[in-house]
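Participant: Build me a model:
(one chain, ligands or ions: 1)
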Amino acid sequence: MPIFARDTLHALIRAVCTAGGSAEREADLVADQLVEANLTGHDSHGVGLLPMYVQSLAKGALVPNRHAELVHDQAAVLVVEGQRGYGQVIGHEAMELGTARAHEHGIAVLAIRNSFHLGRIGHWAEQCAARGFASIHFVNGIDHPPIHAPFGSAEARLSTNPFCAALPGRDGPMVVLDMATSKIAVGKARVAANRGVPAPEGSLLDADGRPTRNAAVMFQEPKGALVAMGEHKGSGLAIICELMAGALTGGWTTRPEHPMAGGIVNNMLSVVIDPDALGGRERLWHEGGALISYLKSARPLAGVAEVLVPGEPEQRRRRQRLAEGIEVDERSWADILAAARTAGVPAAEVEALIA
Ligand code: NAD
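Facilitator: Okay, the predicted model is just below:
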């Protein structure tokens, strides 16, 4: 597999976004988030999304140079309209608003409606944590047919509806739990299909509702479905995400009555909390830090090297990939280069960027 330095992929993403009409800052924000996803090991949410973004631009499902428009502002409650803009811009601007409001009131409840793909949701929790805030995020995904089967069903009715929560530590986030509510994110099925490797046991149903490990079932007609993580509990959390993000915010749910442009639109309900409005950040760092040490002191199971807390695998992967580079599978790389051509980046520029 080809291996690239962080800065190479960053420059390529910037070039594709700029060719697609984005202003410099937008191109930077998109590149920052996609490359961070690759660095943290989530290739499903990294540079491999460029082909989907370029196709969505062409269809008008994704609109460049849109900003987070504040449509309701009531003390600690903010509602932002994303207008199908890049989620990397809408998410970033919305978190800036949310953290400023949480600084003022101790808490902010922030609804984002109609943003294009918000990518790796941990990125937004990390932005809050970097400013000293804890945060909780419920997300749903619309604009495309459902892909995730609710518990007990043989066919899809939901999207992968991520849930994320994080707490700020003294130096960087204390923990970041960031997960799809399906057993695997659909992007991971795409990576498995591209690499020709089986998907994890129990993560997929074929079009007839039978368990399968063949990730191709998600990309052919009739389509299969992703299975919820944690059986009825994960499925329940996915439904809560759907309702919190897609109904409580005033956004849309996956119901087929709603128009679909064939992209990925996310709605997100975020709660941003200032630790100093509760027990205080010093107390959080003391008690939380001690708890994490206690958790990590537990005797590991046979075959497990070390007990980790949420967010640790990503931090480790980030250190490793910054030092050793980011592998991109051949199939994804070919699709990324084709997307760069479609977006209008001259071949000589691509060659120079990746040389
Ligand atoms: P995952 O299964 O790799 O990790 C889920 C969580 O478990 C992470 O917080 C991770 O730190 C933690 N974890 C992993 N291994 C661990 C271990 N050994 N010990 C302790 N904790 C551990 O993540 P996923 O469910 O595949 O999600 C991948 C990404 O996809 C996320 O960033 C999510 O936000 C994103 N996503 C986005 C959308 C969207 O519509 N924007 C939809 C679905 C998923």
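
Participant: For stretch 211-223, give me every contacting residue.
Facilitator: For stretch 211-223, the external contacting residues (CB atoms under 8 Å, 6 or more residues apart in numbering) are 145, 147, 156, 186, 189-190, 192-193, 198-207, 224, 226-227. (Each C-beta comes from the backbone N, C-alpha and C, glycine too.)

Participant: So for it, first residue to last residue, what's the gap.
Facilitator: 13 Å (CA to CA, to the nearest Å).

Participant: Sort out which residues of it are buried, please.
Facilitator: Buried residues in stretch 211-223, defined by neighbour count with 16 or more other CB atoms under 10 Å: 212, 215, 217, 218, 223.

Participant: And the pLDDT for the closest residue to residue 326 other than its chain neighbours?
Facilitator: Nearest non-adjacent residue to residue 326, counting by CB to CB, 6 or more residues apart in numbering: residue 38, 4.7 Å away. On pLDDT, residue 38 comes in at 98.

Participant: One more: the one 4 residues further on?
Facilitator: At residue 42, the model reports a pLDDT of 95.

Participant: what residues are up against the residue nearest to it when sequence neighbours are not counted?
Facilitator: Closest residue in space to residue 42, ignoring its immediate chain neighbours: residue 120 at 5.4 Å, by CB to CB, 6+ apart. Residues in contact with residue 120, defined by CB under 8 Å, 6+ apart, are 33, 36, 37, 40, 42, 45, 178.

Participant: at 10 Å instead, please
Facilitator: By CB atoms under 10 Å, 6 or more residues apart in numbering, residue 120 lies in contact with 33-34, 36-38, 40, 42, 44-46, 49, 87, 91, 126, 162, 164, 178, 185, 187, 314.

Participant: Likewise for residue 273?
Facilitator: 102, 106, 107, 108, 128, 133, 134, 135, 136, 167, 168.

Participant: Try it again at 7 Å.
Facilitator: 102, 107, 133, 134, 135 (CB atoms under 7 Å, 6 or more residues apart in numbering).

Participant: quick check, nearest of these to residue 338?
Facilitator: residue 135 (36.8 Å; CB to CB).

Participant: so what's that closest one bridging to?
Facilitator: Assessed by DSSP bridges, residue 135 has beta-bridge partners residue 166, residue 272.

Participant: now residue 70, what's its secondary structure?
Facilitator: Recorded secondary structure, residue 70: strand (DSSP: H, G, I helix; E, B strand; the rest coil).

Participant: That one: neighbour count?
Facilitator: Applying other CB atoms under 10 Å, we find 13 residues neighbouring residue 70.
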